[in-house]
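Enquirer: A structural model of the following input is requested.
(2 chains)
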Amino acid sequence: MIDRLNEFFFPKQVSTFASDIDNLFYFIFYSSVVLMAIVVIGMVVFSIKYRFKKGDKVRLTSSKDHDNILESLFFIIPLILVSITFVWGIRSYLKMIIVPDDAIEIKVTGQSWFWTFDYPEGGTSLNELVVPSNTPIKILLSSKDVLHSFFIPVMRTKMDALPNRYNIMWFEAQEEGVYDIFCTEYCGTAHSQMAAKVIVMKPKQYEEWVKELGSGDDDLPLDELGEKLYTKKACNTCHTLDGSDLVGPSYLETSRMWGQTRNFEDGSSAVIDENYIRKSILEPQSQIVAGYQGVMPTYQGLLSDRELDALIAFLKSLNDK
Amino acid sequence: MSENQNINYLNHPKGIMSWLLTLDHKRIGLMYLFSGIIFFLIGGLLALGMRLELAAPGNDFVSNDTYNSMYTLHGAIMIFLFIIPAIPGALGNILLPLMVGAKDVAFPRLNLASFYIYSFGALFAIYTIVNGGVDTGWTFYTPYSTQSTSNVVPMTLGIFIIGFSSILTGLNFIATVHKMRVPGLTWYKLPLFVWALYGTSLVQITATPVLAITMVLLILERFLGIGIFDPALGGDPVLYQHFFWFYSHPAVYIMILPAFGIISEIIPVHSRKKVWGYKFIAYSTLSIAFIGFLVWGHHMFTSGQSVFSQIVFSFITYFVGIPTGVKIFSWILTMYKGQVSFTTPMIYALSFLFLFTIGGLTGIFLGAVALDIHLHDTYFVVAHFHYVMQGGTIIAFLAGLHHWWPKSFGKMYNQKIASLCALGVFIGFNGTFFPQFLLGLRGMPRRYATYSDQFSELHTYSTFWSTILGLSIFIAILNLMWSLRKNNKLDPGSNPWGALTMEWTHTSSPPHPHNFESDPVFTNGPYDYDKVIVEPTLKK
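Expert: Predicted coordinates for the structure are as follows:
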């Protein structure tokens, strides 16, 4: 019963402090239901009991306009309820901000419109935060451009990512699974697509995963690696593979125009070739395609040379398919 | 006498210039009213467009950019061009001098200037709409607002200009309340709507300059790169949030206090009963106005401000909640042993009590820091905000409009249609916004043009009911306008509800150009239903 109620109101409780926060919600909720009931009953009873009936004459009405005991109750009862709420809110909040000493620290960077995760063991992932279960995780949060906000509903926690300061949050996941991460601070065109996932694994699996991170891709052929990077590095947030427009031009369209001239917003133009693609990835603001907004962030430092080669190979291969 | 009755402020003097250059507070009020209603309809259409886009996941109706522009304009227009100017500017202007027995406001020329400043600012907003919109959200958070290529400057400049209109109106009202009251009308005999306008005016003249400074800094940042908000130059984007909310939280009380005032008038009149706890309602208005300045940090619980600030802001926030709660109980107790008529204004006032209570109670959830962190920037906040602003302020505005319409125009609207619309607004509103509380609890972020499938059922539901809400408001306004036709035979008389405040007892409907035919003499308190009987002039 309680579980089904919780499913109705909230996403799953995954973090250690989630149930505490949900209980605070239920406390305020049931108090509110009682207060609301008093308001509604008062309204309905008074307005019907003292209604102006057909045939009634306009008359002088009661001069009663205060009642000390009743009014004191109106002060004292809400005062008690909000005092409990306030103290509970602060106590739970302290649990949410005091990071355990043994936490694994993961650096999270927001950028329009994807998230980058840097792990202490080395290695980086994009839009997929992988964490071990039953282990406290400390998130060191910042942004590369505008404000973002890092929200994991199942963990009941959220923090703004600022360009000039680090913010800290933490959680400990109690259940393995794949859960949503949303950006909740408005950040421009693709704000609603700035979604990521948190993948909670068993600690052993996590260790293996971190070890493999960054390795293992060396053996892949270039275009297959490129295909992997296309989603892993969040290119798919803005560029489609089917020719339709998102925030940026579709890869398919660029691939079809290989060798042809492309016009830019500032009036200049360039022939689409390997150098053009490389420059578009590393210095996107230098050549904005006509008809699009110059909103792509630079990938300087986020891609190795081999990965750049791979993306170029993947893009070229699209036209053949 | 019979000749005098035909002269009223609507037909004397005649001609378009006599309107454009009028110094009559009632005419200025009507000009605010009609421009406000036009912006209300534009803002409402934008909202319906957004609901249409959100009916299903994916970009089915508009693109991301269009949606972002729509929600920004919806917020900016509703707040800065409709809600903030409309109630004080329209109802306040029409009623304040009548209620205190004055011939006009203290500075009639300044009053006309306020209207033209408002219109001038509104032109910038219209330019913004025509020129492709603005996509930053009505909060204009930096650094996005300093980088966005949309019309940030025209829109913020418009808001900057409209702010001056707000300040001057506030100044005018304060002077009027202090200096223009008829002899015998002491502070404790003032109608509560006057108290509410007084509290609102205090906030307007003290808080609005901060908004003006913030908007100027934002514009300077864009043009000159002064670096106050730009981290690359040593500035701080969070500083902008402090500046913005230092105005915009008090602004919430600029929006809701006049609504409290309207409800405090309507419930006693239509219950024919002395208002419960007069002094408490009057003082709580002032204390809410004051405490409203000290809680801005509760908009920033996830911004990374210090733990100490979080605790202090959470604590003070609850001090706004308690007096507001006691007000609600006072309004309900006002009906006790009265004679309650279910007129259109009363139906709106009762639905205000229901909706505003939900709006207020959900504020308690958001004031608790730990819970706010989950709910911050989700649809829970959207729903809470609309329960307070639409369920509170706009419902109260509609209540006031239907209450004082016969006074302002001397014509009565079709009450059956008006009451049906009031019910439609109530049902449509709950259908639209109640599901949004659940959406927020389940983690749906706000300001999203698209969303994942798990949220689609509640969004569809919300969109369905929004059409009922939109339609009801639209018909309600048409119904009011239709009552202005020449051959409307429904005569409300000078005091259709049998009220005791001076605008009803001492002048005709519509009032004389100089408000009262002779110097008014203050005879009875505004809520003396236990001492005086006044028969309603409206025949059932």
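Enquirer: Within range of chain B, give me the residues from the stretch 101-250 of chain A.
Expert: A:145-147, A:149, A:151, A:153-154, A:156-160, A:162-165, A:167, A:180, A:182-193, A:195, A:247 (CB under 8 Å from any CB of the partner chain). Placement of C-beta: from N, CA and C, glycine included.
Enquirer: Distance of A:Asn319 relative to chain B?
Expert: 26 Å (CB to the nearest CB, to the nearest Å).
Enquirer: Secondary structure class of the residue lying closest to that residue once chain neighbours are set aside, three-state.
Expert: Take A:Asn319 and drop its neighbours on the chain: the residue closest to it by CB to CB, 6 or more residues apart in numbering or on different chains is A:Ser255, 4.2 Å away. State at A:Ser255, reduced to three classes by DSSP: H, G, I helix; E, B strand; the rest coil: helix.
Enquirer: check which helix or strand covers A:Thr116.
Expert: strand A:114-118 (DSSP states H and E).
Enquirer: what's that strand packed up against?
Expert: Under the contact criterion of 3 or more CB pairs under 8 Å, 6 or more residues apart in numbering or on different chains; DSSP states H and E, strand A:114-118 touches strand A:104-111, strand A:124-126, strand A:128-132.
Enquirer: okay, those in a markdown table with mean neighbour count next?
Expert: Formatted as a markdown table, the helices and strands packed on strand A:114-118 follow (neighbours: other CB atoms under 10 Å in any protein chain shown):
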| stretch | mean neighbour count |
| --- | --- |
| strand A:104-111 | 20 |
| strand A:124-126 | 19 |
| strand A:128-132 | 20 |
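Enquirer: is it possible to export those strands to a markdown table including mean pLDDT?
Expert: Putting the helices and strands packed on strand A:114-118 into a markdown table (pLDDT from 0 to 100) gives the following:
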| stretch | mean pLDDT |
| --- | --- |
| strand A:104-111 | 94 |
| strand A:124-126 | 87 |
| strand A:128-132 | 95 |
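Enquirer: can you give me phi and psi for the most centrally placed residue in chain A?
Expert: For chain A, the residue nearest the mean C-alpha position is A:Phe182 (1.8 Å; CA atoms, centre = their mean). The phi/psi pair for A:Phe182 (degrees, to the nearest 10) reads phi -120, psi 150.
Enquirer: who's it bridged to?
Expert: Applying DSSP bridges to A:Phe182 yields these beta-bridge partners: A:Phe151.
Enquirer: Show the contacting residues for it.
Expert: Applying CB atoms under 8 Å, 6 or more residues apart in numbering or on different chains, we find A:Phe182 in contact with A:Phe151, A:Pro153, A:Met194, A:Ala195, B:Gly443, B:Pro445.
Enquirer: Buried only: go through the residues you listed for me.
Expert: A:Phe151, A:Pro153, A:Met194, A:Ala195, B:Gly443, B:Pro445 (16 or more other CB atoms under 10 Å in any protein chain shown).
Enquirer: quick one: which of those sit in strands?
Expert: A:Phe151 (DSSP state E).
Enquirer: nearest to B:Ile213, of the buried ones among the contacts of A:Phe182?
Expert: The closest of those to B:Ile213 turns out to be B:Pro445 (CB to CB; 30.5 Å).
Enquirer: okay, A:Gly214: pLDDT?
Expert: At A:Gly214, the pLDDT value in this model is 63.
Enquirer: max-length helix in chain A?
Expert: helix A:18-49 (DSSP state H).
Enquirer: who does whichever helix or strand comes after that one touch, helix- and strand-wise?
Expert: Downstream of helix A:18-49, the first helix or strand assigned by DSSP H and E is helix A:68-97. Counting contacts by 3+ CB pairs under 8 Å, 6+ apart, helix A:68-97 packs against helix A:18-49, strand A:167-172, helix B:307-334, helix B:344-367, helix B:369-375.
Enquirer: out of those, deepest packed?
Expert: The highest mean neighbour count among the helices and strands packed on helix A:68-97, using mean count of other CB atoms under 10 Å in any protein chain shown, belongs to helix B:369-375: a mean of 26.
Enquirer: For the residue nearest to A:Asn319, which residues are in contact?
Expert: Per CB under 8 Å, 6+ apart, neighbours of A:Ser255: A:Leu315, A:Lys316, A:Ser317, A:Leu318, A:Asn319.
Enquirer: so where is the chain shaky, pLDDT-wise?
Expert: If you meant another chain, say so; for now it's chain A. Scanning chain A with the threshold set as pLDDT under 70 gives A:1-2, A:214-219, A:321.
Enquirer: wrong one, chain B
Expert: Scanning chain B for pLDDT under 70 picks out B:1-5, B:540.
Enquirer: So the most centrally placed residue in it versus B:Ser248, what's the distance?
Expert: Nearest to the geometric centre of chain B sits B:Ile83, at 3.7 Å (CA atoms, centre = their mean). For B:Ile83, the distance to B:Ser248 equals 12 Å [CB to CB, to the nearest Å].
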